[in-house]
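In: Here's my sequence, what's the structure:
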Amino acid sequence: MFPLLETERLCLREIRKDDAEAVFACFSNELVTQFYGQETFSKIEQAQSLIDFFANSYKERRGIRWGIEVKGCPGIIGTIGFNAWSPKHKRAEIGYEIHPNHWRKGYTLEALYKVIQYGFNEMDLSRIGAVVFINNEASNQLLIKVGFQKEGILREYMYQNGKVYDTYMYSILKNNRKDFSC
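Out: Numbering: from 1, shown residues only. Below you'll find the model as predicted:
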């Protein structure tokens, strides 16, 4: 059964087929995709395929992705979760996006704390990594605020819209994390 997570203001839940329009609203917005490592969506079918990808990833124990829903407001405003999950090596990479209408409200921070807590306590991860475009100042600041450490630069690591980008590699370890009491 897919785990439901709650914070003070958010419900992190399974992404369903009926979330396709909300997923499309995020991934068709160039402000969201500019630092995402994939092209901006132009068709709703791309969102439906991404939802299928998330579901298959969970079934195959390669990752888990939650829809971010504000309590009392039906519909997701973004997603958050783990990819490149390796249970054997007790590691995964975290990723997230949120629609610009909901930026600067603390929702991503709140969801991030809860998902990291889940990763360490329920998935038995010892390391959570994050790969972030160097120019993505908001995400770089957010990860540092949560306790991630910058490990270095991955040169020419991402291609998007025919252009190559360097990224930062971050990690947070179970044994030296902050207290996540959100």
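In: Buried residues, stretch 54-68. List them.
Out: Residues of stretch 54-68 classed as buried under the neighbour-count rule (16 or more other Cβ atoms under 10 Å) are 54-55, 57-58, 62-68. Yep, even glycine has a C-beta here, placed from its N, CA and C like the rest.
In: can you name the two of those that are farthest apart?
Out: Based on Cβ to Cβ, the longest span within these runs between R62 and I68 and measures 20.5 Å.
In: Could I get the full set of helices for this structure?
Out: For the chain, the helices defined by DSSP state H cover 20-27, 30-33, 44-59, 107-121, 137-146.
In: out of those helices, which comes closest to L4?
Out: Each of the helices of the chain was scored for nearness to L4 using Cβ to Cβ, and the closest is helix 107-121 (10.6 Å).
In: Run the chain-centre distance for the closest one.
Out: Distance, stretch centre to chain centre, for helix 107-121: 10 Å (Cα atoms, centre = their mean, to the nearest Å).
In: hey, where'd the strands end up in the chain?
Out: 5-6, 10-14, 64-70, 76-86, 91-98, 127-133, 149-160, 163-173 (DSSP state E).
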